[in-house]
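Have a look at this prediction, sequence included:
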Amino acid sequence: MATNITFHQGSVTTTERNELLKQKGITIWLTGLSASGKSTIACALEQHLLHLHKFAYRLDGDNIRFGLNKDLGFDEKSRNENIRRIGEVAKLFSDASAITITAFISPYIADRAVARELHEKANIPFIEVYVDAPLSVGLYKKARAGEIKDFTGVSAPYEAPEKPEIHIRTDQTSVIDAVQQITEYLSSNGYLD
């Protein structure tokens, strides 16, 4: 770990950046089991926000593992580090006044709490969205048959959020309705002003 480094404060303040870009940065953290609809909702939400002329960017779990996190596996330690890195990256994007949308399984409550705390310390809103789908969807049949190792929700744990800001049941909610639910939350809390 480097000890001979110094944080270099920029000359643009958060307030100035927000005023010039006409929006405040926030992180929308989608969490849920594999194949629950996180990425699908995140893509649709990003598209919707861009159509509202908002600077929005999506960080997707699988996509990040092709680059930044390609050195990580799926054991518990790697999953912890995956979410730690994404928490930091999301904070940077949101600090730049982006509406940052993350779509990661992020299976552990403690790791999501670390990401939330990182944002709170920087005065950046963190909105946890629990994308809740029953175990009867997706790749779970193969995982139960032992064909997929370290599969979250079967052979690796998933700890559901205790108090997410938004809870979406994808077996009862369309993608359009999920995007509307998130957008209404953002609007009613002043994040889209």
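Cool, the structure landed.

ranges for the strands of this structure?
26-31, 56-60, 99-103, 126-132, 166-169 (DSSP state E).

could I get those strands as TSV with mean pLDDT, mean neighbour count and distance to residue 84?
Every C-beta, even on glycine, is put in place using the N, C-alpha and C of the backbone. Putting these into TSV (pLDDT from 0 to 100; neighbours: other CB atoms under 10 Å; distance: least, CB to CB, whole Å) gives the following:
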stretch	mean pLDDT	mean neighbour count	distance to residue 84
strand 26-31	98	28	13
strand 56-60	96	20	14
strand 99-103	97	28	13
strand 126-132	97	22	14
strand 166-169	97	18	23
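
do you know which of these lies nearest residue 14?
Taking CB to CB, strand 26-31 is the member of those nearest to residue 14, at 12.4 Å.

Neighbouring strands of that closest one in the sheet, and parallel or not?
Applying DSSP bridges, strand 26-31 is found paired with strand 99-103 (parallel), strand 126-132 (parallel).

what would those strands look like in JSON lines with distance to residue 50?
Below are the strands paired with strand 26-31 laid out as JSON lines (distance: least, CB to CB, whole Å):
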{"stretch": "strand 99-103", "distance to residue 50": "9"}
{"stretch": "strand 126-132", "distance to residue 50": "18"}
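
Out of those strands, flag the one nearest residue 43.
strand 99-103 (8.3 Å).

Would you mind getting the angle between the closest one and strand 56-60?
Strand 99-103 and strand 56-60 meet at an angle of 20 degrees, taking axes from the mean of the first three to the mean of the last three CA atoms, to 10 degrees as the criterion.
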